[in-house]
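Enquirer: Any chance you can model this:
(one chain, ligands or ions: 1)
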Amino acid sequence: MSKNKKTKYATLSLPDGKNYKLPILSGTIGPDVIEIKNLYNDTDKFTYDPGYTSTGSCKSKITYIDGEKGILLHRGYKIDELAENCDFLEVAYLLLNGELPNKKEKSQFDKKITTHTMVNEQLSLFFRGFRRDAHAMAVMCGVVGALSAFYHDSTDITDNKQRLIASRRLIAKMPTIAAMAYKFSIGQPFIYPKNKFSYSENFLNMMFSVPAEDYDVDPVLTKAMDKILILHADHEQNASTSTVRLAGSSGANPFACIAAGIASLWGPAHGGANEAVIHMLSDIKNINNVRKYIIKAKDTNDPFRLMGFGHRVYKNYDPRAKVMKKTADEVLRTLGKENEPMFKLARELEKIALEDDYFVEKKLYPNVDFYSGIILQAMGFPPNLFTVLFAVARTVGWVAQWNEMIEDPEQKIGRPRQLYDGAKERKFLPIDKR
Ligand code: SDX
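Expert: Residues are numbered from 1 along each chain as shown. From the prediction side, this is the model:
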């Protein structure tokens with residue numbers, strides 16, 4: 001990890017007249033940071049930043065986001081260029097290793113991932129314990145968390161070889177487990193992975209083929225799947241990635257950390273928004289109701305939020321949403337659904353919102369979740385699989401960030417503090433005296 005130069009300082013002046021010099025660190029691009037790790041030792045004071053709106057939790061080389069300009073780089077490469085020119089495992093290699101692979105490296109990596117796509121056969125029995133109508137994300141939390149009960153030989157995070165195998169297993173097995181969760185919910189037999197397929201072809205085949213007949217994976221849908229997975233692969237220190245890093249900082253095994261990430265991603269304010277967008281568009285029904293919902297979204301007394309809009313970091317159009325919107329056009333046209341009412345409604349909703357002062361002032365734009373559900377639904381994914389797909393893709397980012405955290409010499413167990421405003425110490429009263 002390159003040592004950041006400490007040549008600039010911020011000065012903190014406290015009411016008692018004491019001044020403290022706080023080092024300012026610079027990265028390669030993006031905002032400087034004020035290093036406060038010794039603040040409590042020096043001043044007996046914590047900082048306070050609910051939701052970490054101004055707090056950097058780590059150094060990272062993986063992803064850079066410029067929220068004002070709507071820029072997203074993975075290891076320096078623009079997300080739209082990666083989505084247009086790579087397949088998902090090529091971007092996975094980049095996120096994990098820091099460089100795009102050459103042909104030989106790509107073919108070796110594909111093979112290493114492909115040979116881990118099957119799951120222990122006992123795991124298929126695990127699904128029997130769930131209700132058929134269980135939400136697919138609930139199944140994913142349970143099954144992925146259980147992987148540490150099957151792969152004991154890759155849970156020791158201090159062993160680089162075990163970490164590498166666990167990383168490959170997680171990336172390889174997520175599509176298999178996701179497809180099993182879907183097949184279980186519709187009462188169809190599990191479809192095994194086939195090594196002749198690419199990552200996305202394998203996923204689509206396991207999702208939509210049945211033993212009773214041949215299934216040809218449509219190359220247009222495979223390309224669309226690669227793009228969708230790439231667009232969801234990593235996104236700096238978002239809620240679920242921070243969850244994985246925090247879980248991993250205690251030394252928890254990688255399968256448990258990724259299961260924690262899946263749980264966090266499920267929230268409707270985070271990865272669960274793609275499913276929420278579809279439900280919102282179904283509630284809006286038609287263009288005549290759009291304004292009513294825009295008014296609801298602007299009403300601070302109404303908990304309704306325009307799902308798929310707004311972002312903690314992007315105060316401009318999410319670059320992923322731009323690619324997603326273009327992909328939606330392509331997929332719907334391929335499937336002969338270009339007049340899909342929900343897509344027309346979404347475009348109208350976006351147009352009206354982007355012309356509304358409230359959304360303009362608060363810099364609320366469509367995010368990655370606004371159009372993804374429309375594509376996935378058109379491809380045959382049910383809404384409760386949308387966030388599962390997000391989790392399949394984000395596993396690459398979680399694994400890359402988890403490895404970076406473990407290799408970070410500054411890494412220690414995450415343990416935030418608080419501003420306590422509860423009761424002062426008081427005398428205990430036995431129950432008959434209360
Ligand atoms: C993802 O962090 C990541 O990188 C996440 C992600 C990733 O790849 O990992 O990008 C994936 O989670 C995308 C976001 C998906 N979530 C949604 O689409 C749900 C709807 N969006 C909102 O819930 C909200 O925008 C959040 C949760 C995404 C962001 O919340 P913040 O940080 O509180 O938003 P903000 O501070 O920028 O909000 C500014 C104002 C607030 O009003 P005031 O308190 O100033 O009066 O805008 C309001 C918010 O209430 N606002 C919205 C809104 N989003 C924010 N008002 C109406 N509709 C919305 N969608």
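
Enquirer: how about the nearest residue to A391, chain neighbours excluded?
Expert: Nearest-residue entry for A391: I262, 5.0 Å, with adjacent residues in sequence omitted and distances by Cβ to Cβ, 6 or more residues apart in numbering. Bear in mind the C-beta positions are built from the backbone N, C-alpha and C, glycine included.

Enquirer: Verify the contact between D133 and F184 for me.
Expert: No. Counting by Cβ atoms under 8 Å, F184 is not a contact partner of D133; they are 10.4 Å apart.

Enquirer: And the two? Which one has more around it.
Expert: More neighbours sit around F184 than around the other of D133 and F184, counting by other Cβ atoms under 10 Å; the figures are 22 against 7.

Enquirer: OK, contacts around that one?
Expert: By Cβ atoms under 8 Å, 6 or more residues apart in numbering, the residues touching F184 are F127, F130, R132, V139, F190.

Enquirer: same thing but 7 Å
Expert: F184 makes contact with F127, F130, R132, according to Cβ atoms under 7 Å, 6 or more residues apart in numbering.

Enquirer: Return the residues in contact with whichever residue of the stretch 201-350 of the chain sits closest to the ligand.
Expert: Relative to the ligand, the nearest point of the stretch 201-350 of the chain is G310 (2.4 Å; Cβ to the nearest ligand atom). Residues counted as contacts of G310 (Cβ under 7 Å, 6+ apart) are L364, N367.

Enquirer: Assign L12 to helix, strand or coil.
Expert: Secondary structure state of L12, per DSSP: H, G, I helix; E, B strand; the rest coil, is strand.

Enquirer: From the ligand, how far out is it?
Expert: Distance from L12 to the ligand, counting by Cβ to the nearest ligand atom, to the nearest Å: 26 Å.

Enquirer: neighbours around that residue, how many?
Expert: The tally of other residues near L12 (other Cβ under 10 Å) stands at 16.

Enquirer: where does it land on pLDDT?
Expert: At L12 the predicted local confidence, pLDDT, stands at 97.

Enquirer: other SSEs contacting the helix or strand encompassing A378?
Expert: Here A378, judged by DSSP states H and E, is contained in helix 369-379. When contacts are defined as 3 or more Cβ pairs under 7 Å, 6 or more residues apart in numbering; DSSP states H and E, helix 369-379 sits against helix 219-231, helix 273-284, helix 319-334, helix 341-354, helix 386-407.

Enquirer: list the buried ones in the fourth one?
Expert: By neighbour count with 16 or more other Cβ atoms under 10 Å, helix 341-354 contains the buried residues M342, F343, L345, A346, R347, L349, E350, A353.

Enquirer: Would you mind confirming that the last one makes contact with I294?
Expert: Yes. Taking Cβ atoms under 7 Å as the definition, A353 is a contact partner of I294 at 6.1 Å.

Enquirer: ok, I375 - contacts?
Expert: Taking Cβ under 7 Å, 6+ apart, we find I375 in contact with A224, I228, M324, T327, A328, V331.

Enquirer: Can you tell me which of those has the most neighbours?
Expert: Top of the contacts of I375 by neighbour number is I228, holding 30 neighbours under the definition other Cβ under 10 Å.

Enquirer: Isn't it up against S372?
Expert: Yes. Using Cβ under 7 Å, I228 is in contact with S372, at 6.4 Å.

Enquirer: Output the below-cut-off pLDDT ranges for this structure.
Expert: Under the criterion of pLDDT under 70, the regions of the chain flagged as low confidence span 1-6.

Enquirer: residues from it in reach of the ligand?
Expert: 235, 238-239, 269-271, 273, 297, 300, 305-313, 362, 364, 367-369 (Cβ under 6 Å from any ligand atom).

Enquirer: Among those, name the ones in helices.
Expert: When DSSP state H is applied, the residues of the chain next to the ligand are split such that A239, A273, A297, D369 fall in helices.

Enquirer: who wins for most neighbours among these?
Expert: D369 (29 neighbours).

Enquirer: What ranges does the stretch 1-150 of the chain have for its helices?
Expert: With DSSP state H, counting those that start in this stretch as the definition, the stretch 1-150 of the chain shows helices at residue ranges 39-43, 79-85, 88-97, 103-114, 121-126, 136-146.
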